[in-house]
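J.: make a model of this:
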Amino acid sequence: MAKRRWRMKFLNSIQTKFVLLFILVIAPLVAFLIYVNTYARNIVRTQVTDSYEKTLANFINKTDELFMGAEKYLANFLHKELDTTAIDYPFREETRNTLIKVRTNTKFTYMLNFMPDVDSFTYFSPQHSTLLLTTNRSGYDRKYMAAQNLMDDVAKSSRIAYGTFLSDFVSIDGELYLIRIYRDFPDIYLGAWINLNRLLESLGAVHSAILSADGEVLVSHGLPPERVGQILNDRAEHNGSNPQYFLLSRYSEHQGLRYVILIPSTDVLQNLSFFQKVIYWMPAVIFIIVVFYIAFIRRVLLTPMRTLIRGMQRISHGDLDTRIELNASNEFNYMNFAFNNMAEEIKTLKVSVYEEQLRVQLAEMKQLQMQINPHFYSNSLNLISGLAQLGDQESVQHMTQLLARYFRYVTASSRTVLTLKEELDHIRDYLTIQQYRYPDILSFDISMPLELGSASVPPLTLQPFVENAIIHGYQKKTKSFRILITCGTEQTADGVKLVVVTLEDNGIGVEPAKLAALRQNVSDVSRAAGESRHLGIWNVYRRLSLMFGERQASIDFEPVDTGGLRVMVRFPYKTA
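T.: Alright, predicted model coming up:
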């Protein structure tokens with residue numbers, strides 16, 4: 001329940017509503033920015049991949065044409081290019097072989113000028129143990145030795161039939177060469193060398209690689225071959241997803257090679273780096289903006305409003321001296337000025353009303369005080385007359401003094417507040433007079449701490465209870481009747497010190513129904529003053545309420561276990 005009230009209070013707070021409103025305004029803008037960034041990323045990615053797709057497709061077509069042109073040239077070399085029939089057969093075999101080598105080298109050198117992507121051409125005749133290498137690049141000796149080993153191996157293994165091609169690879173000085181070997185009749189091996197490293201560089205991709213048909217990385221550009229293999233394996237294990245690279249791949253059926261382009265994500269999205277940073281920093285920026293926004297709202301709106309509300313609460317709690325400083329915005333200064341004027345008018349009006357209430361209460365207290373009419377006036381006079389007839393002059397004199405003090409106390413209408421000591425002295429005189437009426441039967445005991453003697457109390461506060469005890473409590477009793485009056489203090493929960501006067505007798509007590517009616521009668525402060533029933537008790541409670549406040553004074557009744565009634569009168573401790 002408490003959590004629900006706290007939640008409702010939190011949701012009804014104007015500060016919460018301002019923050020929610022700000023978030024509702026900012027959230028669509030942030031969502032739109034994220035959408036634009038995502039859309040731009042997708043567009044850029046699509047355009048880049050499409051561009052590289054076209055580039056790779058064109059490159060594959062170009063390399064296919066290169067390979068087919070070289071292969072066509074090798075297939076027609078002996079019959080169309082070299083034209084060995086034009087060599088004079090009467091020459092000796094050595095001379096004829098030399099002429100073929102010179103002419104072959106000339107043809108190869110000429111063709112290399114028209115095929116710059118072909119690195120070298122090779123002519124090998126196992127029958128004459130003739131190997132011819134023509135190249136327009138450096139490293140002739142290492143290429144020649146590699147060509148000799150390769151051609152000898154191909155010729156001995158018979159891996160190639162007449163009129164067909166065979167692909168093989170040779171690595172020289174860290175560069176890989178693809179050699180397309182053609183076997184012609186009569187048992188001549190021709191080869192075209194293509195440098196795959198330079199071929200891959202001509203692709204123009206930052207990171208690229210050439211793979212064999214079985215997926216082995218042959219050459220790579222921009223990344224080590226093992227790194228390329230790791231990236232490809234990771235993509236295969238994660239179903240083709242690798243956030244670091246975009247992969248483009250195309251296989252050439254004619255070459256038996258797969259060309260791969262690896263595009264780093266950072267390169268693809270480098271033009272969107274600003275938007276990416278904005279997205280990354282957006283939560284922190286929004287948080288800072290919200291903090292400054294709340295601080296601004298608190299300073300300009302919430303703090304002045306809270307100050308105004310706090311001032312109203314203080315006014316409602318009775319602090320009429322509350323004033324608000326005029327240091328806010330013009331609108332709040334106007335409200336604060338109106339609040340200060342209103343507080344001043346309320347204070348002036350309340351003081352006037354309070355003074356009027358004091359005058360009315362004073363008049364009412366005097367009127368109520370005069371309503372207390374002791375019932376034993378005539379009995380006291382009859383008692384004095386009887387004592388005089390008996391000749392007990394000392395008792396007559398004492399009785400006359402007691403009665404004089406009694407009348408002096410009752411008729412002192414100019415005093416509305418007396419001390420508790422004076423009230424108890426009056427009760428002592430009253431009970432002493434009653435003892436003359438009930439000798440050897442009535443006894444009393446009054447005890448009070450000295451520090452409570454100065455407590456303020458309305459006159460005749462305790463007499464109605466003592467009178468009721470004698471009139472109603474002693475009725476039809478033959479044994480002795482005792483009245484005990486004690487004084488003490490109590491502390492309330494809010495720290496108010498109360499004086500507690502307890503009056504207890506050993507009389508016949510009060511029936512439960514009458515006791516409930518008595519309690520109801522005392523608490524009914526709206527009782528008409530003219531009603532005679534329990535008028536004395538109601539009069540006491542009314543005067544205590546006027547003097548100390550309705551919630552400060554109380555009168556309680558409770559039965560005594562041994563018989564009789566206990567009355568407890570409580571009122572705040574105030575000195576006269």
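J.: wait, a strand at F169?
T.: Yes. Per DSSP: H, G, I helix; E, B strand; the rest coil, F169 lies within a strand segment.
J.: and it, how far from L257?
T.: According to C-beta to C-beta, to the nearest Å, F169 stands 11 Å off from L257. All C-beta spots, glycine's among them, are computed from the backbone N, C-alpha and C.
J.: check M568 too.
T.: For M568, the distance to L257 equals 112 Å [C-beta to C-beta].
J.: so which strand or helix has V154?
T.: Using DSSP states H and E, the element containing V154 is helix 140-157.
J.: for the record, mean pLDDT for that helix?
T.: Mean pLDDT, computed over helix 140-157, is 89.
J.: which other helices and strands contact that helix?
T.: Under the contact criterion of 3 or more C-beta pairs under 8 Å, 6 or more residues apart in numbering; DSSP states H and E, helix 140-157 touches strand 120-125, strand 130-135, strand 165-172, strand 175-184, strand 188-195.
J.: now it: buried residues?
T.: Burial within helix 140-157, assessed by neighbour count using 16 or more other C-beta atoms under 10 Å, is assigned to K143, Y144, A146, A147, L150, M151, V154, A155.
J.: residues in contact with it?
T.: For helix 140-157, the surrounding residues in contact (C-beta atoms under 8 Å, 6 or more residues apart in numbering) are 120, 122, 124, 126, 131, 133, 135, 160, 166, 168, 170, 172-173, 179, 181, 187, 189, 191, 193.
J.: picking up where we left off before, more neighbours: F169 and L257, which one.
T.: Comparing F169 with L257 by neighbour count (other C-beta atoms under 10 Å), the higher total belongs to L257, at 22 against 13.
J.: thinking that one is in contact with A209, fair?
T.: No. Contact criterion C-beta atoms under 8 Å: L257 and A209 do not qualify, at 10.3 Å.
J.: any common contacting residues for these two?
T.: Counting by C-beta under 8 Å, 6+ apart, the contacts common to L257 and A209 are L218.
J.: ranges for the strands of the stretch 201-350 of the chain?
T.: Counting by DSSP state E, counting those that start in this stretch, residue ranges of the strands within the stretch 201-350 of the chain are 208-211, 217-221, 245-252, 257-264.
J.: looking at these, which is buried most?
T.: Comparing the strands of the stretch 201-350 of the chain by mean neighbour count (mean count of other C-beta atoms under 10 Å), strand 208-211 comes out on top with a mean of 24.
J.: tell me what that one is packed against?
T.: The criterion is 3+ C-beta pairs under 8 Å, 6+ apart, and the helices and strands that strand 208-211 contacts are helix 196-201, strand 217-221, strand 257-264.
J.: okay if I get those as a markdown table plus mean pLDDT and distance to S395?
T.: Output for the helices and strands packed on strand 208-211, formatted as a markdown table (pLDDT from 0 to 100; distance: least, C-beta to C-beta, whole Å):
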| stretch | mean pLDDT | distance to S395 |
| --- | --- | --- |
| helix 196-201 | 88 | 143 |
| strand 217-221 | 88 | 138 |
| strand 257-264 | 84 | 127 |
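J.: dump these to TSV, plus distance to A513.
T.: Putting the helices and strands packed on strand 208-211 into TSV (distance: least, C-beta to C-beta, whole Å) gives the following:
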stretch	distance to A513
helix 196-201	115
strand 217-221	110
strand 257-264	99
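J.: was I right to think N539 contacts T461?
T.: No. With contact defined as C-beta under 8 Å, N539 does not count as touching T461 (9.5 Å).
J.: closest one to H317 among the helices and strands packed on helix 140-157?
T.: Ranking those by their distance to H317 (criterion: C-beta to C-beta) puts strand 175-184 first, at 93.7 Å.
J.: all helices for the stretch 351-500 of the chain, in order.
T.: 377-390, 393-410, 420-437, 463-468 (DSSP state H, counting those that start in this stretch).
J.: got the ones you listed as TSV, with distance to T63, mean neighbour count and mean pLDDT columns?
T.: Listed next are the helices of the stretch 351-500 of the chain as TSV, based on distance: least, C-beta to C-beta, whole Å; neighbours: other C-beta atoms under 10 Å; pLDDT from 0 to 100:
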stretch	distance to T63	mean neighbour count	mean pLDDT
helix 377-390	141	14	79
helix 393-410	133	15	84
helix 420-437	121	19	91
helix 463-468	124	20	87
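J.: which one of those helices lies nearest to G69?
T.: So among these, helix 420-437 is nearest, using C-beta to C-beta, at 131.3 Å.
J.: show me what that closest one is in contact with.
T.: For helix 420-437, the external contacting residues (C-beta under 8 Å, 6+ apart) are 376, 379-380, 383, 387, 395, 399, 402-403, 405-406, 409, 442-444, 446, 448, 452-457, 459-463, 466, 470, 483, 485, 487, 499, 501.
J.: ok, for R519, nearest residue in space, not its chain neighbours?
T.: Nearest residue to R519 in three dimensions, chain neighbours excluded: F557, at 5.9 Å (C-beta to C-beta, 6 or more residues apart in numbering).
J.: doesn't that neighbour belong to a strand?
T.: Yes. Judged by three-state DSSP, F557 forms part of a strand.
J.: what's around it, how many residues?
T.: A total of 17 residues lie near F557 under the criterion other C-beta under 10 Å.
J.: immediately after the lengthiest helix in the chain, which helix or strand?
T.: Counting residues, the longest helix found in the chain (DSSP state H) is helix 14-75. Using DSSP H and E, the helix or strand that follows helix 14-75 in sequence is helix 93-114.
J.: just the buried residues of that following helix, please?
T.: Applying 16+ other C-beta under 10 Å to helix 93-114 flags R96, N97, I100, K101, R103, T104, K107, F108, M111, L112 as buried.
J.: with respect to F548, which of those residues is nearest?
T.: L112 (124.8 Å).
J.: if we ignore the residues flanking it in sequence, what's nearest that closest one?
T.: Closest residue in space to L112, ignoring its immediate chain neighbours: N136 at 4.8 Å, by C-beta to C-beta, 6+ apart.
J.: the one you found is in contact with Y110, isn't it?
T.: No. Taking contacts as C-beta under 8 Å, N136 lies outside contact range of Y110: 11.0 Å.
J.: give me the pLDDT value at the closest residue to E53 other than its chain neighbours.
T.: Among residues not flanking E53 along the chain, L248 sits closest, at 6.0 Å (C-beta to C-beta, 6+ apart). You'll see L248 listed with a pLDDT of 81.
J.: what sits closest to E226 if chain neighbours are left out?
T.: Closest residue in space to E226, ignoring its immediate chain neighbours: V217 at 7.9 Å, by C-beta to C-beta, 6+ apart.
J.: please save the CA atoms from stretch 559-568 in CSV.
T.: This file holds the C-alpha atoms of stretch 559-568, laid out as CSV (Å, rounded to 0.1, in the frame of the first residue of the first chain):
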residue,chain,number,x,y,z
PRO,A,559,-14.6,2.4,38.6
VAL,A,560,-12.5,1.4,41.6
ASP,A,561,-12.0,-2.4,42.2
THR,A,562,-12.8,-2.0,45.9
GLY,A,563,-15.9,0.1,45.2
GLY,A,564,-16.4,3.8,44.5
LEU,A,565,-15.4,6.0,41.5
ARG,A,566,-12.1,7.4,40.3
VAL,A,567,-12.0,10.8,38.5
MET,A,568,-8.9,11.9,36.6
